[in-house]
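**Q** Below is the sequence, then the predicted model.
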Amino acid sequence: MPMTPELRQKVDQIRNDLYGGGYPNPVANAEQVSFLSFFYLIEGIDAQNRARARVTKQPYASLFDGEWTLRNPLNAASKDETEIPADRLRWSSWARGLSGENLVRFVRDEVFPFYAEIAAQGATNFMDGARLGLDDPAVLGKLVTDVDALRLDQTDADTKGDLFEHVLRQIKQAGELGQFRTPRHVIRAIVAMVDPHIGDTIYDPAAGTAGFLVAAYNHIRLAHSSDAAIETVEVDGKPQRRGLGDKLKQAQQSQLANRTFYGNDVDPQMVRLATMNLTLRGLPNVRILRRNVLTSTLDAQQRADLGLPDGYDVILANPPFSGRLDRDRIVEDVKVGNTGATEILFLKYMLDSLKPGSRCGVIVPEGVLFGSTGAHREIRRMLVENNTVEAVLSLPGGVFQPYSGVKTSALFFRKGGATQRVLFLHADNDGYKLDANHDQPIDADDLPALIEAYRTRDDRWAEWQQIVGSNPAPATNSPWTKNWWFATADQLRANDYNLSASRYRPLNQAQVEHRDPRELLDELAALEAEITSEVEALRATLMEETP
């Protein structure tokens with residue numbers, strides 16, 4: 001069943017009820033809704049497993065067999081009762097049978113500990129440290145009723161995921177390290193360009209709510225779907241093709257579920273949300289670790305114990321930027337000069353985490369592409385001289401509103417080799433109005449054509465050479481009107497390894513007169529942010545050197 005306006009309205013009502021009830025934090029609210037959704041769904045999953053076991057004549061122990069030792073004596077039916085049947089921990093028992101203070105106390109002291117024990121048996125204990133955050137009986141009672149009314153057991157995995165994504169869309173503030181939810185249409189564009197396949201190990205070292213991993217999973221399923229198993233659904237006001245993956249063999253499905261997707265995040269709330277996002281889509285065994293990869297390392301034995309591969313075939317990420325770390329906390333492997341800028345350190349970490357020849361698509365702030373500090377120049381030199389930079393996709397300014405107005409680009413590279421040429425792609429529009437909310441669909445969308453230009457970049461290079469020849473810019477009487485162009489490695493070296501798309505854009509008189517003012521403002525804003533970053537870095541250096 002696809003995501004319907006009625007379902008979307010029900011989710012919006014949940015958000016409004018929580019906000020109106022005195023719980024305005026969208027991250028905490030999303031977390032509480034995810035917990036209750038899990039409690040609801042696990043009963044149906046247990047029933048399915050029990051029915052399957054009967055058909056196959058295999059033994060099966062229900063999660064609700066046996067007794068549960070009460071954590072709070074006030075939840076006992078009688079004074080001497082210390083245990084209750086675990087069957088009373090089913091959603092259908094307490095959610096439809098308790099109310100008021102009794103509901104709050106039972107959910108807080110019995111339901112959360114019970115399901116935390118269940119979650120601890122999974123690949124990631126996403127309920128580690130979880131607690132009930134709603135102590136108002138009226139608010140909790142209304143939320144339980146609303147979640148029950150969603151009838152999640154009657155929806156497929158994609159619809160559950162869409163509902164959850166709709167909840168996550170309400171998270172509109174950036175985190176302390178500059179992390180924020182990446183627009184899903186931007187994620188899908190990057191995934192389409194990197195093109196992960198069955199057999200790849202796919203990794204996001206700053207997974208957030210697992211948007212990149214979910215998109216990679218959907219991309220692979222679509223590629224292995226027959227025409228009859230593909231549907232077009234509306235997501236965020238835009239049509240999106242979905243595939244059921246009916247051509248996947250059982251061994252391939254097992255590989256996707258257990259040995260394909262990996263991730264980390266430093267925020268325990270994000271780990272919980274990411275795990276729930278994946279679980280709702282049928283990927284409960286994906287391991288999302290709570291870990292800061294810039295300040296901690298794992299040796300070979302630890303990786304083996306955690307079931308992690310030695311390196312990854314694909315990395316997809318939007319790591320935190322605008323954050324800084326104390327140099328004493330940064331692990332030696334990811335250091336680049338004296339910088340504490342997270343965007344540079346993450347790039348170094350991702351380079352080290354790829355297998356030779358493997359590929360990466362990563363979102364970076366524009367300053368990484370042209371910054372003049374030693375660390376900026378060194379990371380770009382490493383990318384160009386010791387690896388293969390394939391493309392830079394310049395995203396529109398405002399694409400990350402309402403979280404941030406910072407100008408960004410997506411960087412695509414392979415580990416190893418040496419860069420010969422770079423395809424620069426420039427998007428003026430991404431299909432949504434570039435205002436403070438960035439959520440209103442519009443017709444103008446450069447991303448599909450730019451994805452195709454990337455996929456056919458060898459042909460585009462031949463076209464570029466025919467027009468440009470040895471001249472780095474077309475003749476003024478032959479205006480370059482396309483939103484893609486190239487720069488060679490020699491040009492990059494001559495420009496201090498600058499990877500900003502605007503640096504190499506072919507210019508002519510018409511373009512000089514008619515450049516979009518938004519583009520000029522984006523460049524000025526990115527330059528201002530870079531100057532501020534360099535000033536702060538110099539200030540920190542002077543303070544350290546001053547006795």
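**A** That came through fine.
**Q** Around R96, count how many other residues there are.
**A** R96 has 12 neighbours, counted by other C-beta atoms under 10 Å. For the C-beta atoms, the positions are set from N, CA and C on the backbone; glycine is no exception.
**Q** Equivalent analysis for R241, please.
**A** 11.
**Q** hang on, it is in a helix, isn't it?
**A** No. Under DSSP: H, G, I helix; E, B strand; the rest coil, R241 sits outside any helix and is assigned strand.
**Q** any low-confidence regions in the protein?
**A** Filtered on pLDDT under 70, the chain yields the residue ranges 1-2, 122-124, 170-180, 322-323, 469-479, 507-547.
**Q** biggest strand in it, by residue count?
**A** strand 354-365 (DSSP state E).
**Q** V286 contacts R259, doesn't it?
**A** No. Applying C-beta atoms under 8 Å as the test, V286 and R259 come out as separate, 9.8 Å apart.
**Q** More neighbours: these two, which one.
**A** V286 (28 against 14).
**Q** List the residues that contact that one.
**A** 123-124, 210, 213, 257, 261-263, 275, 278 (C-beta atoms under 8 Å, 6 or more residues apart in numbering).
**Q** again, only this time at 6 Å
**A** V286 makes contact with 261, 278, according to C-beta atoms under 6 Å, 6 or more residues apart in numbering.
**Q** I'd say D445 and G431 touch.
**A** Yes. In this structure, D445 is within contact of G431 by C-beta atoms under 6 Å, at 3.5 Å.
**Q** So if I had to pick from the two, which one is more boxed in?
**A** The residue with more neighbours, out of D445 and G431, is G431; 21 against 18, by other C-beta under 10 Å.
**Q** So what does the residue nearest to E390 when sequence neighbours are not counted have for phi and psi?
**A** Closest residue in space to E390, ignoring its immediate chain neighbours: F412 at 4.7 Å, by C-beta to C-beta, 6 or more residues apart in numbering. Main-chain dihedrals, F412, degrees, to the nearest 10: phi -120, psi 120.
**Q** which residues sit in contact with F412?
**A** Per C-beta under 6 Å, 6+ apart, neighbours of F412: 361, 390-391.
**Q** Would you format those as JSON lines with distance to R15 and neighbour count included?
**A** Shown next, in JSON lines, are those (distance: C-beta to C-beta, whole Å; neighbours: other C-beta atoms under 10 Å):
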{"residue": "G361", "distance to R15": "31", "neighbour count": "26"}
{"residue": "E390", "distance to R15": "40", "neighbour count": "21"}
{"residue": "A391", "distance to R15": "38", "neighbour count": "23"}
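**Q** counting contacts, what elements does the longest strand of the chain pack onto?
**A** Strand 354-365 sits against helix 184-194, strand 312-317, helix 342-353, strand 408-414, with contacts defined as 3 or more C-beta pairs under 6 Å, 6 or more residues apart in numbering; DSSP states H and E.
**Q** Just checking: what are the partner strands of the second one?
**A** If I follow you right, that is strand 312-317. strand 202-204 (parallel), strand 354-365 (parallel) (DSSP bridges).
**Q** What's the end-to-end length of stretch 359-371?
**A** Stretch 359-371 stretches 24 Å from its first residue to its last (C-alpha to C-alpha, to the nearest Å).
**Q** And the helices and strands packed on strand 354-365: which comes nearest N72?
**A** helix 184-194 (41.0 Å; C-beta to C-beta).
**Q** How far does the closest one sit from its chain's centre?
**A** Here the centre of helix 184-194 is set off from its chain's centre by 11 Å, with C-alpha atoms, centre = their mean, to the nearest Å.
**Q** What is that helix packed up against?
**A** Applying 3+ C-beta pairs under 6 Å, 6+ apart, one finds that helix 184-194 makes contact with helix 211-223, strand 354-365, helix 447-455.
**Q** which of the residues in that helix are buried?
**A** Neighbour-count burial for helix 184-194 flags 184-194 (criterion: 16 or more other C-beta atoms under 10 Å).
**Q** Same list, these, but as TSV with distance to H219 please.
**A** Shown next, in TSV, are the buried residues of helix 184-194 (distance: C-beta to C-beta, whole Å):
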residue	distance to H219
R184	12
H185	13
V186	14
I187	10
R188	8
A189	11
I190	10
V191	5
A192	7
M193	10
V194	9
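**Q** With only the CA atoms kept, save stretch 47-66 in PDB.
**A** The C-alpha coordinates for stretch 47-66 follow below in PDB (Å, rounded to 0.1, in the frame of the first residue of the first chain):
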ATOM      1  CA  ALA A  47       3.000 -13.800  15.000                       C
ATOM      2  CA  GLN A  48       4.400 -14.200  11.500                       C
ATOM      3  CA  ASN A  49       7.400 -16.100  12.700                       C
ATOM      4  CA  ARG A  50       5.200 -18.400  14.800                       C
ATOM      5  CA  ALA A  51       3.000 -19.100  11.800                       C
ATOM      6  CA  ARG A  52       6.000 -19.800   9.600                       C
ATOM      7  CA  ALA A  53       7.400 -22.200  12.200                       C
ATOM      8  CA  ARG A  54       4.100 -24.100  12.300                       C
ATOM      9  CA  VAL A  55       4.100 -24.500   8.500                       C
ATOM     10  CA  THR A  56       7.700 -25.600   8.300                       C
ATOM     11  CA  LYS A  57       7.400 -27.700  11.500                       C
ATOM     12  CA  GLN A  58      10.300 -25.900  13.000                       C
ATOM     13  CA  PRO A  59      10.600 -25.100  16.700                       C
ATOM     14  CA  TYR A  60      10.000 -21.500  17.600                       C
ATOM     15  CA  ALA A  61      10.000 -19.700  21.000                       C
ATOM     16  CA  SER A  62       7.800 -16.600  21.000                       C
ATOM     17  CA  LEU A  63       9.200 -13.400  22.400                       C
ATOM     18  CA  PHE A  64       6.200 -13.300  24.700                       C
ATOM     19  CA  ASP A  65       6.700 -16.800  26.200                       C
ATOM     20  CA  GLY A  66       7.500 -17.100  29.900                       C
END
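**Q** Can you give the distance of it from its chain's centre?
**A** For stretch 47-66, the distance to the chain centre is 35 Å (C-alpha atoms, centre = their mean).
**Q** Not counting its own residues, what contacts it?
**A** So stretch 47-66 is contacted by 46, 86-87, 90 (C-beta under 6 Å, 6+ apart).
**Q** For the stretch 201-350 of the chain, which segments count as helices?
**A** Counting by DSSP state H, counting those that start in this stretch, one finds helices in the stretch 201-350 of the chain at the ranges 211-223, 250-258, 268-280, 300-306, 342-353.
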